[in-house]
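Novice: predicted coordinates and the sequence they were generated for:
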Amino acid sequence: MTLIKRIFSPTLIALALCSGAAHAALVPPQGYYEGIEKLKTSDGNFRCEAAPTPYTGALQFRSKYEGSDKARATLNVASEKAFRDSTANITTLEKGVSKMVGQYMRDGRPAQLDCTLTWLGTWARANALMSTDFNHTGKSIRKWALGSMSGSWLRLKFSNSQPLAAHQAEAEVIEKWFARLAEQTVRDWSDLPLEKINNHSYWAAWSVMATSVATDRRDLFDWAVKEYRVGANQVDAQGFLPNELKRKQRALAYHNYALPPLAMIASFAQANGVDVRGENDNALQRLAKRVLLGSKDPSAFKARNGEKQDMSDLKIDSKYAWMEPYCTLYACGGETLQRKRGMQPFDSFRLGGNLTRVYDPSAMLNK
């Protein structure tokens, strides 16, 4: 009896099923295959700055909303400065990698690629950002950084110019680190009660989705899709997210902030044969329309939560970077397209760089 149980254990059955139905390799949306615009053999005046010191300490950081009530909507200037100072090296890495990858895809200078690999390799070998001593802000920083790095990395990994072909050993070190970060991110953000699931969970899912494609990990891909579906099913019939409405005067800003990771996950899922657009009666489309209407007239948000909305973030073009993947998922109308074109190009380091070049490259011809 013991032998039979061992042979037919759930684990072995699952392995047998997986081996019998192998999945195709995970891929990004088509725009990630773009080649280098102009391959320049000289390095020009590009100078590689020293890599920021890898952050290997505890991920215990002050919140910029420290001292705020449950809405977490009132900025604490002193704690924000402390937060910025303590995470400066992490942000430098994120922004620096995004910038260098963007430069390399435009110019193709070898030093730009070498510098990117040096920065990421330095942090990978230090096993940076992997501390299990963290608070909410700390685990948030981890997933933001992972999404930034993996999102940029995809442009190198899948480019038709094959820039990583001559750097496979270094790429393996970096991708193994990405995978470890993604596994920890899954542990950080799994099994939360519904009332605690908000934009942070969506951004965690985006970072895991980007990493799943970078490392061809179907388990990570499936987790990201699962989290997307949880998010989509939080959108109510009017296009509101209940947990973002709690953010009082910043409710609209956080609805908008929830859209980039959701739109990117849906785009990557579609590229791999998983269509989530219809989830919860086209919830993503309903949310996007609510935000676009709200950005012009926020009165519906005040009517729902009783607070006049802070519109400062809604005036920043890059905050609408989600429109690039979104308008490949749904048919954007003339007014929406006109608005999108007026704000292009969209460059968001947290989404891996220039999304207009990835999703709407023809728009770059006039920029």
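Specialist: Received, thanks.
Novice: C-alpha from now on. contacts and neighbour counts both.
Specialist: Will do.
Novice: quick one, what contacts the closest residue to L146 other than its chain neighbours?
Specialist: Across the structure, with CA to CA, 6 or more residues apart in numbering as the measure, the residue nearest L146 apart from its sequence neighbours is S207 (5.6 Å). Contact partners of S207, counting by CA atoms under 8 Å, 6 or more residues apart in numbering, are 143-144, 146-148, 150-151, 182.
Novice: repeat that for 6 Å
Specialist: Taking CA atoms under 6 Å, 6 or more residues apart in numbering as the contact definition, S207 lies against 143, 146-147.
Novice: and those, which of them are in helices?
Specialist: Assigned to helices by DSSP state H, the following of the contacts of S207 qualify: 143, 146-147.
Novice: what about N256, how many residues nearby?
Specialist: The local packing count at N256 equals 25, with neighbours defined by other CA atoms under 10 Å.
Novice: typed the wrong thing, it's N198
Specialist: Neighbours of N198 under the rule other CA under 10 Å: 19.
Novice: got it, and the one 3 residues further on?
Specialist: Here the neighbour count serves as a burial measure; for S201 (other CA under 10 Å) it reads 26.
Novice: so what's it closest to, chain neighbours aside?
Specialist: Setting aside the residues directly before and after it, S201 is nearest to W189 in space (CA to CA, 6+ apart), at 6.4 Å.
Novice: pLDDT value on that neighbour, please?
Specialist: Each residue has a pLDDT score; the one for W189 is 98.
Novice: let the chain start at 2 from now.
Specialist: With the count now opening at 2, the last piece we talked about shows up as W190.
Novice: what is the neighbour count of it?
Specialist: Counted with other CA under 10 Å, W190 comes out at 18.
Novice: how far off centre is the helix or strand hosting Y255?
Specialist: Taking DSSP states H and E as the criterion, Y255 maps to helix 252-272. Distance of helix 252-272 from the chain centroid (CA atoms, centre = their mean, to the nearest Å) equals 9 Å.
Novice: which residues does the next helix or strand after that helix contact?
Specialist: Following helix 252-272 in sequence order, the next helix or strand is helix 280-297 (DSSP H and E). Contact partners of helix 280-297, identified using CA under 6 Å, 6+ apart, comprise 233-234, 236, 240.
Novice: in those, which residue is surrounded by the most others?
Specialist: Counting neighbours by other CA under 10 Å, the top entry in those is A233, with 25 neighbours.
Novice: that older thread, secondary structure, distance to R248 and pLDDT added to the contacts of helix 280-297, as a markdown table?
Specialist: Putting the contacts of helix 280-297 into a markdown table (DSSP: H, G, I helix; E, B strand; the rest coil; distance: CA to CA, whole Å; pLDDT from 0 to 100) gives the following:
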| residue | secondary structure | distance to R248 | pLDDT |
| --- | --- | --- | --- |
| A233 | helix | 19 | 98 |
| N234 | coil | 19 | 98 |
| V236 | coil | 15 | 98 |
| G240 | coil | 16 | 98 |
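Novice: tell me the one among those residues nearest to A166.
Specialist: For the contacts of helix 280-297, the minimum distance to A166 (CA to CA) is 38.0 Å, reached by A233.
Novice: what's the distance between R107 and L193?
Specialist: As judged by CA to CA, to the nearest Å, R107 and L193 stand 41 Å apart.
Novice: and the two? which has more neighbours close in?
Specialist: When neighbours are counted by other CA under 10 Å, R107 and L193 differ, and R107 comes out ahead with 15 against 10.
Novice: excluding its backbone neighbours, what's nearest the more buried one?
Specialist: E38 (5.0 Å).
Novice: specify the local secondary structure of that neighbour.
Specialist: When the structure is reduced to helix, strand and coil (DSSP: H, G, I helix; E, B strand; the rest coil), E38 reads as coil.
Novice: look at it and report its pLDDT.
Specialist: Per-residue confidence at E38 stands at 88 (pLDDT).
Novice: number of nearby residues for it?
Specialist: Residues within reach of E38, counting by other CA under 10 Å, total 12.
Novice: how about H168?
Specialist: 12.
Novice: also D318?
Specialist: The local packing count at D318 equals 15, with neighbours defined by other CA under 10 Å.
Novice: list the contacts of it.
Specialist: By CA under 6 Å, 6+ apart, the neighbours of D318 are M344.
Novice: at 10 Å what do you get?
Specialist: Residues in contact with D318, defined by CA atoms under 10 Å, 6 or more residues apart in numbering, are 341, 343-348.
Novice: do the same with G240
Specialist: Under the criterion of CA under 10 Å, 6+ apart, the contact partners of G240 comprise 256, 283-292.
Novice: ok, now with 6 Å
Specialist: 287-288, 291.
Novice: let me see the ranges of the strands in the protein.
Specialist: 348-349, 354-355 (DSSP state E).
Novice: please identify the deepest-packed of these.
Specialist: Scoring the strands of the chain by mean neighbour count under mean count of other CA atoms under 10 Å gives strand 354-355 as the most buried, with a mean of 23.
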